[in-house]
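*Asks:* Sequence and predicted structure, then a few things I'm wondering about:
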Amino acid sequence: MSNDEPAREFDVIVIGGGSTGENAAGRAVERGLDAALVESELLGGECSYWACMPSKALLRPGEVLAAARAVPGAAPAVTGGVDAAATLRTRDLLATPDDTGQEEWVESAGVHLVRGRGRLEGERRVAVTADDGAVTRVTARRAVVVATGTSAAIPPIEGLREAQPWTNREATQATEVPRRLAVLGGGVVGVELAQAFVRLGAEVTLLEAEDALLGGEEPFVAEQITEALAADGVDVRLGAHVSSVSRRDDGSVALEVSDGAKVEADELLVAVGRRPRTTDIGLEQVGLEPGRYIETDDRLRATAVAGDWLYAAGDVNGRNLLTHMGKYQARMAADVIAGRDVTAWADHTANVRVVFTDPQVAAVGLTAAEAKRVGFATRVLEVPTGANAGGALLGKDTPGTSRLVVDTERDVIVGATFTGPGVGEMLHAATIAVAGEVPIDRLWHAVPAFPTVSEVWLRLLEQAGL
Ligand SMILES: Cc1cc2nc3c(=O)[nH]c(=O)nc-3n(C[C@H](O)[C@H](O)[C@H](O)COP(=O)(O)OP(=O)(O)OC[C@H]3O[C@@H](n4cnc5c(N)ncnc54)[C@H](O)[C@@H]3O)c2cc1C
Ligand SMILES: NC(=O)c1ccc[n+]([C@@H]2O[C@H](COP(=O)([O-])OP(=O)(O)OC[C@H]3O[C@@H](n4cnc5c(N)ncnc54)[C@H](O)[C@@H]3O)[C@@H](O)[C@H]2O)c1
């Protein structure tokens, strides 16, 4: 379409076809609206090709081997480590950067796809520039939803950019395992990929600036994951401030740490957080500052834009940088646009997260410290995850801790954290209890099956006096 052609109108225009954008557009159509979805790279976004799916494919074989090794009758059959080549091939099957299947889904969902880079030109108006420079103009009758996501943040460390470090993109699509990998940042990306690569055969050094990994979770999480990574052979360095980085002629990378230590590696992964992809999407045209997260209310409407026509969902609003939470926000945004009276309150009180290390970390809602900070009168219930028949069947000394944070005024659970093998699959029971504000004396009648690890709930509720 040339610049002169009139803009096409849709009820809803979604900029960004990642997991959030696809869900927003699909839900809008289900609600009887017509929707256009604008995507500049690959439908499916970061999660499908460079984040959730490939990282979990890289972690899964190590987890399976560890589970077998924990069971005496199976352990002798585990005679080797992870097959790196086969793991990379499986990763390719699950996360090849090709969105043909996603395009078919978008079309079958009745969403109008516009390939190219979307930019706001003013209220409800979006210009889309295709790779060949052609510009398509689209106008929204009701709303524009920005779902452009985030990219890896690169901190201003001397020599870092020039050293061409890996971000999550290069790490998750690696075609071979480096002999030595340094990982900058011990958040979720850092710990997951450090464990994936050490189990694939790399020597891994993990450098975290703070004094604990996975800050923000219950303190026992950091202790147990640090221990597990160290047991795998990861050299975990806490309080490590890297002052400079250089790539040598032989291809290796040298890092200087401010305490004087030096680290050498063949690749360096930067995993120190994300930045919103909002620098070049025309935010200045609607009074917002480019490069920042788009702040929203609980109906996902941009708070600083009048007229209730601009929405932001998923990573780009900075509320909860997780695929399932972005998809939740997408459903809420589409419902609000369709006229329903809903709000995305789970973002504050029932946000769900799983770290897919071994042991896993699964959490919903508030930690004990957060609950106290927001003013709840709380009581903490805590037991070892493996101290029941289900845990015993997983092997000897099944690791982990299960903690519930109870609001003692209402006698409901406001937060839960589980660590241990496979606890991600146990989390939804806690999510239902937290989101549903189920009183704990009713939970007593939710009987966990014997012999499952979920019997941990019995021990936890007994601690509450039931
Ligand atoms: C290594 C790693 C592992 C992760 N693992 C998990 C996990 O296991 N579980 C989990 O829940 N979360 C995980 N996450 C987080 C998850 O990837 C993100 O929360 C999720 O991808 C956010 O989805 P989104 O659609 O909001 O943004 P994105 O996935 O970033 O999608 C945004 C889309 O917008 C497009 N776009 C950007 N600008 C424009 C423009 N101007 N015009 C048109 N299109 C544009 C992009 O090309 C992209 O397709 C992980 C993240 C990382 C880095
Ligand atoms: N399993 C999952 O659901 C999953 C997996 C990966 C990522 N994610 C999402 O992606 C988001 C981004 O992950 P992330 O790990 O990049 O960010 P993060 O914010 O979770 O962690 C970044 C870490 O880097 C540290 N750091 C910051 N600057 C540093 C520096 N200069 N040197 C050393 N350490 C430094 C921080 O202290 C922090 O521990 C997460 O918040 C999460 O929402 C989810």
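*Replies:* All right, it came through fine. As the structure is a prediction and not an experimental result, all values here were calculated from the model. Residues are numbered from 1 along each chain as shown. Ligands and ions are numbered 1, 2, ... in the order given.

*Asks:* Quick one: check the longest strand belonging to the chain for contact with ligand 1.
*Replies:* Taking DSSP state E as the assignment, the strand of the chain that covers the most residues is strand 135-146. No: on the criterion CB under 6 Å from any ligand atom, strand 135-146 is out of touch with ligand 1, staying 8.7 Å away. For the C-beta atoms, the positions are set from N, CA and C on the backbone; glycine is no exception.

*Asks:* how about the CA coordinates for that strand, as CSV?
*Replies:* Output in CSV follows, covering the C-alpha atoms of strand 135-146 (Å, rounded to 0.1, in the frame of the first residue of the first chain):
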residue,chain,number,x,y,z
VAL,A,135,4.1,2.1,4.6
THR,A,136,0.7,0.9,5.6
ARG,A,137,-1.5,3.1,7.7
VAL,A,138,-4.1,1.6,10.0
THR,A,139,-6.6,3.4,12.3
ALA,A,140,-8.3,2.0,15.4
ARG,A,141,-12.0,2.6,16.0
ARG,A,142,-11.6,1.7,19.7
ALA,A,143,-8.1,1.0,20.9
VAL,A,144,-4.4,0.5,20.2
VAL,A,145,-2.6,-2.1,22.4
VAL,A,146,1.2,-1.8,22.6
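
*Asks:* For the stretch 351-466 of the chain, list the residues in contact with ligand 2, please.
*Replies:* Residues of the stretch 351-466 of the chain lying near ligand 2 (CB under 6 Å from any ligand atom): 353-356.

*Asks:* returning to that earlier point: enumerate the positions of the longest strand of the chain that are buried.
*Replies:* If you call a residue buried by 16 or more other CB atoms under 10 Å, then strand 135-146 has these buried ones: 136-140, 142-146.

*Asks:* That strand packs against which elements?
*Replies:* Judged by 3 or more CB pairs under 8 Å, 6 or more residues apart in numbering; DSSP states H and E, the packing partners of strand 135-146 are strand 8-15, helix 19-30, strand 125-129, strand 310-312, helix 323-337.

*Asks:* Quick one, which of the ones you listed gets closest to residue 260.
*Replies:* Nearest to residue 260 among the helices and strands packed on strand 135-146 is helix 323-337; the distance by CB to CB comes to 40.3 Å.

*Asks:* Keeping just the C-alphas, turn that closest one into PDB.
*Replies:* The C-alpha trace of helix 323-337 is given here as PDB (Å, rounded to 0.1, in the frame of the first residue of the first chain):
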ATOM      1  CA  THR A 323       4.600 -15.000  29.400                       C
ATOM      2  CA  HIS A 324       1.600 -16.200  31.400                       C
ATOM      3  CA  MET A 325       1.100 -12.800  33.100                       C
ATOM      4  CA  GLY A 326       1.400 -11.000  29.700                       C
ATOM      5  CA  LYS A 327      -1.200 -13.400  28.300                       C
ATOM      6  CA  TYR A 328      -3.400 -12.700  31.300                       C
ATOM      7  CA  GLN A 329      -3.100  -9.000  30.800                       C
ATOM      8  CA  ALA A 330      -3.800  -9.400  27.100                       C
ATOM      9  CA  ARG A 331      -7.100 -11.200  27.800                       C
ATOM     10  CA  MET A 332      -8.000  -8.500  30.300                       C
ATOM     11  CA  ALA A 333      -7.200  -5.700  27.900                       C
ATOM     12  CA  ALA A 334      -9.200  -7.200  25.100                       C
ATOM     13  CA  ASP A 335     -12.200  -7.700  27.500                       C
ATOM     14  CA  VAL A 336     -12.000  -4.100  28.700                       C
ATOM     15  CA  ILE A 337     -11.900  -2.900  25.100                       C
END
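
*Asks:* got the buried residues for the biggest helix by length in the chain?
*Replies:* For the chain, the helix that runs over the most residues, judged by DSSP state H, is helix 52-69. Using 16+ other CB under 10 Å as the burial criterion, the residues of helix 52-69 that qualify are 52-63, 65-67.

*Asks:* Smallest distance to ligand 2 belongs to which residue of the stretch 301-450 of the chain?
*Replies:* In the stretch 301-450 of the chain, the residue that lies nearest ligand 2 is residue 321 (3.6 Å; CB to the nearest ligand atom).

*Asks:* for the chain, that is, sorry about that
*Replies:* For the chain, CB to the nearest ligand atom, closest residue to ligand 2: residue 187, 1.8 Å.

*Asks:* I'd say that residue and residue 273 touch.
*Replies:* Yes: counting by CB atoms under 8 Å, residue 273 is a contact partner of residue 187 at 6.7 Å.

*Asks:* Let's test this: what are the backbone torsions at residue 420?
*Replies:* For residue 420, the backbone dihedrals (degrees, to the nearest 10) come out as phi 150, psi 170.

*Asks:* What's the local residue count around it?
*Replies:* 25 (other CB atoms under 10 Å).

*Asks:* now do residue 76
*Replies:* For residue 76, the neighbour count with other CB under 10 Å is 9.

*Asks:* One more: residue 363?
*Replies:* When neighbours are defined as other CB under 10 Å, residue 363 has 26 of them.

*Asks:* one step back: so what are the sheet partners of the helix or strand just after the longest strand of the chain and their directions?
*Replies:* Following strand 135-146 in sequence order, the next helix or strand is strand 150-152 (DSSP states H and E). Here strand 150-152 has these sheet partners by DSSP bridges: strand 274-276 (antiparallel).

*Asks:* can you list the domains in the protein?
*Replies:* Using the TED database, the domain parsing of the chain gives 8-49+97-151+275-347, 168-272, 359-464.

*Asks:* out of those domains, nearest to residue 85?
*Replies:* Comparing the domains of the chain by their distance to residue 85 (CB to CB), the top pick is domain 168-272, with 8.9 Å.

*Asks:* quick revisit: okay if I get the domains of the chain as JSON lines plus distance to residue 89 and mean pLDDT?
*Replies:* JSON lines is the format used below for the domains of the chain (distance: least, CB to CB, whole Å; pLDDT from 0 to 100):
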{"stretch": "domain 8-49+97-151+275-347", "distance to residue 89": "15", "mean pLDDT": "98"}
{"stretch": "domain 168-272", "distance to residue 89": "11", "mean pLDDT": "98"}
{"stretch": "domain 359-464", "distance to residue 89": "24", "mean pLDDT": "97"}
